[in-house]
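Visitor: Predicted model, plus sequence, below.
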Amino acid sequence: MTPVKLYPPKPEKVYFFGTCLVDLFYPEAGLDGIRLLEREGIEVIFPEDQTCCGQPAYTSGYQQEARAVAVAQLGLFPESWPIIVPSGSCGGMMRVHYPQLFAGTEHERRATEVAGRIYELTEFLIHVCHLALEDRGGPEKVAMHTSCSARREMGLADTGPALLAKLGQVELVEQVRATECCGFGGTFAVRHPEVSAAMVDDKTRAIEAAGASRFVTSDCGCLMNIDGRFSHQKKGIEGEHIASYLWRRTS
Amino acid sequence: MSVETYTPQAFHRQAHDALGSPQIRSNFRKAMDGLMSKRRDVFSDWDLEALRELGANIRLRALARLPELLERLEANCEASGIKVHWAEDGEEACRIIRELCEARGAKSVIKGKSMVSEEMHLNAHLEAAGIEALESDLGEYLVQLNEQTPSHIIMPAIHLNTDEISTIMHDKTGLARTRDVDVMTAAARAQLRERFMSADIGISGVNFAVAETGTLCLVENEGNGRMTTTVPPVHIAVTGIEKVVEHLRDVPPLYALLTRSATGQHVTTYFNMISSPRKRGEHDGPEEVHLVLVDNGRSSIYQDDELLDTLRCIRCGACMNHCPVYTRVGGHTYGTTYPGPIGSILMPHMLGLEQTKDLPTASSLCGACGEVCPVKIPIPDLLVRLRREAVGEGRGNVPGAGVKRTKKEVAAWKGWQWLATHPSAWRGGTAIVGKLQALTPSKLGPWTECRTAPRPAKRSLHALVKRHQAGKDKSDAEKSAANHVIKKGKDEEERS
């Protein structure tokens, strides 16, 4: 488990690390995250040279390749501002695994320093920004899928639901086995597609059975997986990154 | 029911079959749901994190001094009349046990539950030597009758439902067909009772071997363990070398963790502490007690300071019960003695990565196993470590290291690395992908068999941020606040 983290007061500036999935597939989610932060009066620095945290190679066992890519990110955050990541999975990689990845190398100190400044977006909005939200949307039943990395690696099972609770017209419904993995797991979905398919099928059934008309998540891997399953079945239950949902309903 | 042979090489095919079997799916789902909820309930009034920390520390302390503790265990056992034997691998352990049987002229052996004996295929070895070995744990008994292997380390017959058990009891023991569990249990009990009385030797496993006292602890629910270790004239205990703990006082916390993590019980029905053969003047107990300490790859795991954590395991099975993969494919799919997450980090050492290369990847790294492990084994990290070994980027000290490394995959990762370390190429690449969005294939292999294909966005986040910073996104974002003012390092700030 991650040690208890002491949250700083709201800073003047933050760095935003968008992640490769957001960059390619869900850029609006990244931009909405930036907008939420800016609305809190924080200047958001988006280092242009960011690419990927290195996790895909890391979890596939390609350690050297993961290191090379991760090193390229380490230099993007020269000042001491917090680094906000709209993903528990990439956030977990950077906060928990960067120090391990670089242990005993010349980059260890910098990796540990960067890791200490990593915050997942919902965590930062709740614990640092103490975000207040004014819900402008209609009544809606929503399910939240918290990614396994956010839940277990970063210990953030509650921050997403806490944000949704601030939306007066939104009813958060809980699906059965809410803590169970959706079956994405990065390359797991590619290497073990049938097991992954069985998992996401169960996840969508659970969300549907909970009576949700929409689901939100803080990780685009889970979003791609669960939403892809729903739309394949033409279920009409749509998924969205929580940043977009919050921004959409409050702007 | 036919006899099936499962192998780790055939994981994908076996997973396919299991996923397609409503019986397996529902048997495991129901059983695992039940076990998870029992565990949750039974720990509800404990400071679980503190207890896990204690459990982990006890195991780590024992492992840190493993060679010394094993010697103390041996000395203390021998001092109280328990003969200690060392086996480098499963084959040697089988030979030792067979020779002990032959020395007594034993023809019939009754067995308590022991996963180490499964690991070394003891029953088959004894059978080949003309010695009949009968499993006395009810689950093991059923699995043996059905000519199968256990599908779970704590509940060996968890893959069978009542109807299937009824069929086995009918076909193999002649019991009239019944769905009454009590009737079936009583029938098995009657048959086993007879065999306890007539067996020449009892063979059991060990849960904790206490170095300072030479005590062998055996945790069980059915009383078959006590019968196995007390009724026959000879008791042979067989265990992996990692099961040793230093002090007797180390046992209660581990026992508390074991029973609650495994079956959600506060205590088991039986907890046996075996400390010697029958002493002069005592009326019962075996005349001889032997302890066979099996290495079988463990000391090789022990050499590596990361992999060492694998040996903390107290074999509770909680990682299986909570694993979303195990829950769906069942234990046999793994094709190994130990299935599920612990099996995937243990079996590569015993069988080599050539045979087991699909096991470390058979996990979404969701972390549920590590979260519930009573001795805090970092199972997801060890799965990643073994993936590294399999593709030849580890330390090279796992048998079969590098077996999964292919030129094609290396080239793909090198290409990805190049792109992700050349930011302008990355931006150019994402821009091109966005422009060609309409050409995105709607079929993406197995992904799109049950999901729609993800579509790259027209504009990447890099591009959107650029527009945003230039204030251009105000016009095209319908809902984004029209009065939202972009500020770049200005002190002024306006709220939307």
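Guide: All right, it came through fine.
Visitor: what's the model's confidence in whichever strand or helix holds B:Asp171, averaged?
Guide: Element membership for B:Asp171, per DSSP states H and E: helix B:162-173. What helix B:162-173 shows for mean pLDDT is 96.
Visitor: Show me what that helix is packed against.
Guide: helix B:138-145, helix B:181-198 (3 or more CB pairs under 8 Å, 6 or more residues apart in numbering or on different chains; DSSP states H and E). Every residue, glycine included, has its C-beta placed from N, CA and C.
Visitor: Where does the prediction get shaky in the chain?
Guide: I went with chain A, as the question did not name one. Along chain A, the parts satisfying pLDDT under 70 run over A:1-4.
Visitor: wrong one, chain B
Guide: In the predicted model of chain B, residues B:1-4, B:474-496 satisfy pLDDT under 70.
Visitor: care to break it down by domain?
Guide: Following automatic domain parsing, one gets these domains for chain B: B:64-160+B:195-296, B:407-458.
Visitor: list the buried ones in stretch A:102-121?
Guide: Neighbour counts over stretch A:102-121 (16 or more other CB atoms under 10 Å in any protein chain shown) mark A:Phe102, A:His107, A:Arg110, A:Ala111, A:Val114, A:Ala115, A:Arg117, A:Ile118, A:Tyr119, A:Glu120, A:Leu121 as buried.
Visitor: Please narrow these to those residing in strands.
Guide: Among the buried residues of stretch A:102-121, the members falling in strands (DSSP state E) are A:Ile118, A:Tyr119, A:Glu120.
Visitor: returning to what we had before: tell me which residues of the helix holding B:Asp171 are tucked away?
Guide: Buried-residue list, helix B:162-173, by 16+ other CB under 10 Å: B:Glu164, B:Ile165, B:Ser166, B:Ile168, B:Met169.
Visitor: Next, the angle from that helix to helix B:181-198.
Guide: Helix B:162-173 and helix B:181-198 are oriented at 40 degrees to each other (axes from the mean of the first three to the mean of the last three CA atoms, to 10 degrees).
Visitor: which residues touch helix B:162-173?
Guide: Outside helix B:162-173, the residues within contact range by CB atoms under 8 Å, 6 or more residues apart in numbering or on different chains are B:1, B:23, B:142, B:145-146, B:157, B:160, B:175-179, B:181, B:184, B:187-188, B:191.
Visitor: Could you rerun that using 6 Å?
Guide: For helix B:162-173, the surrounding residues in contact (CB atoms under 6 Å, 6 or more residues apart in numbering or on different chains) are B:Leu142, B:Leu145, B:Asn146, B:Leu175, B:Arg177, B:Arg179, B:Met184.
Visitor: Figure out how far it is from the centre of its chain.
Guide: The chain centre lies 27 Å from the centre of helix B:162-173; the measure is CA atoms, centre = their mean, to the nearest Å.
Visitor: Run the angle between it and helix B:138-145 for me.
Guide: Using the same axes, to 10 degrees: helix B:162-173 against helix B:138-145 is 60 degrees.
Visitor: pull the CA atoms of helix B:162-173 into PDB?
Guide: Provided in PDB are the C-alpha atoms of helix B:162-173 (Å, rounded to 0.1, in the frame of the first residue of the first chain):
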ATOM      1  CA  THR B 162     -23.600 -31.700  -6.200                       C
ATOM      2  CA  ASP B 163     -24.900 -33.500  -9.300                       C
ATOM      3  CA  GLU B 164     -21.400 -34.200 -10.500                       C
ATOM      4  CA  ILE B 165     -20.300 -35.500  -7.100                       C
ATOM      5  CA  SER B 166     -23.400 -37.700  -7.000                       C
ATOM      6  CA  THR B 167     -22.400 -39.200 -10.300                       C
ATOM      7  CA  ILE B 168     -18.900 -39.900  -9.200                       C
ATOM      8  CA  MET B 169     -20.000 -41.500  -5.900                       C
ATOM      9  CA  HIS B 170     -22.500 -43.600  -7.900                       C
ATOM     10  CA  ASP B 171     -20.100 -44.600 -10.700                       C
ATOM     11  CA  LYS B 172     -17.000 -45.200  -8.600                       C
ATOM     12  CA  THR B 173     -18.300 -46.500  -5.200                       C
END
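Visitor: touching chain A at all, stretch B:323-336?
Guide: Yes: remark: stretch B:323-336 sits within contact range of chain A at B:Pro324, B:Val325, B:Arg328, by CB under 6 Å from any CB of the partner chain.
Visitor: among the residues you listed, who's most crowded?
Guide: Within those, most neighbours by other CB atoms under 10 Å in any protein chain shown means B:Val325, with 29 neighbours.
Visitor: other SSEs contacting the helix or strand hosting it?
Guide: Using DSSP H and E, B:Val325 maps to helix B:324-329. Applying 3 or more CB pairs under 6 Å, 6 or more residues apart in numbering or on different chains; DSSP states H and E, we find helix B:324-329 packed against helix A:193-209.
Visitor: And the next helix or strand past the helix it packs on?
Guide: strand A:214-217.
Visitor: tell me which strands and helices whichever helix or strand comes after that following strand is in contact with?
Guide: Next helix or strand after strand A:214-217 toward the C-terminus (DSSP H and E): helix A:220-232. Helices and strands touching helix A:220-232, by 3+ CB pairs under 6 Å, 6+ apart, are helix A:193-209, strand A:238-241.
Visitor: what about dumping the CA coordinates of helix A:220-232 to PDB?
Guide: The C-alpha atoms that make up helix A:220-232 are tabulated as PDB, following Å, rounded to 0.1, in the frame of the first residue of the first chain:
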ATOM      1  CA  CYS A 220      -9.200   5.600 -20.500                       C
ATOM      2  CA  GLY A 221      -8.100   2.000 -20.800                       C
ATOM      3  CA  CYS A 222     -11.200   0.800 -18.800                       C
ATOM      4  CA  LEU A 223     -13.300   3.400 -20.800                       C
ATOM      5  CA  MET A 224     -12.200   2.000 -24.100                       C
ATOM      6  CA  ASN A 225     -12.900  -1.500 -22.900                       C
ATOM      7  CA  ILE A 226     -16.300  -1.100 -21.200                       C
ATOM      8  CA  ASP A 227     -17.600   1.500 -23.700                       C
ATOM      9  CA  GLY A 228     -16.400  -0.700 -26.600                       C
ATOM     10  CA  ARG A 229     -18.400  -3.600 -25.200                       C
ATOM     11  CA  PHE A 230     -21.500  -1.500 -24.600                       C
ATOM     12  CA  SER A 231     -21.500   0.000 -28.000                       C
ATOM     13  CA  HIS A 232     -20.800  -3.400 -29.600                       C
END
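Visitor: Give me the distance from that helix to the chain's centre.
Guide: 15 Å.
Visitor: Touching it from outside, list them.
Guide: So helix A:220-232 is in contact with A:21-22, A:26, A:89, A:145, A:147, A:182, A:184, A:200, A:203-204, A:217, A:237, A:239, B:450-452, B:454, going by CB under 6 Å, 6+ apart.
Visitor: Check stretch B:192-204 too.
Guide: Counting by CB under 6 Å, 6+ apart, residues outside stretch B:192-204 touching it are B:101, B:104, B:106, B:108-112, B:134, B:136, B:218, B:225, B:227-229, B:231-232, B:234-237.
Visitor: right, and A:Val96 touches A:Glu153 too?
Guide: Yes: with contact defined as CB atoms under 6 Å, A:Val96 reaches A:Glu153; the gap is 5.4 Å.
Visitor: Which one's more surrounded, those two?
Guide: Taking other CB under 10 Å, A:Val96 and A:Glu153 do not tie; A:Glu153 has more neighbours (26 against 17).
Visitor: Find the nearest non-adjacent residue to that one, please.
Guide: A:Gly92 (3.6 Å; CB to CB, 6 or more residues apart in numbering or on different chains).
Visitor: Contacts only, for that neighbour.
Guide: A:Ser149, A:Glu153, A:Met154.
Visitor: those helices in the stretch 101-250 of chain B, which residues are they?
Guide: B:115-119, B:122-128, B:138-145, B:162-173, B:181-198, B:224-230 (DSSP state H, counting those that start in this stretch).
Visitor: Packing partners of the last one?
Guide: In terms of contacts (3+ CB pairs under 6 Å, 6+ apart), helix B:224-230 is packed against strand B:201-204, strand B:270-274.
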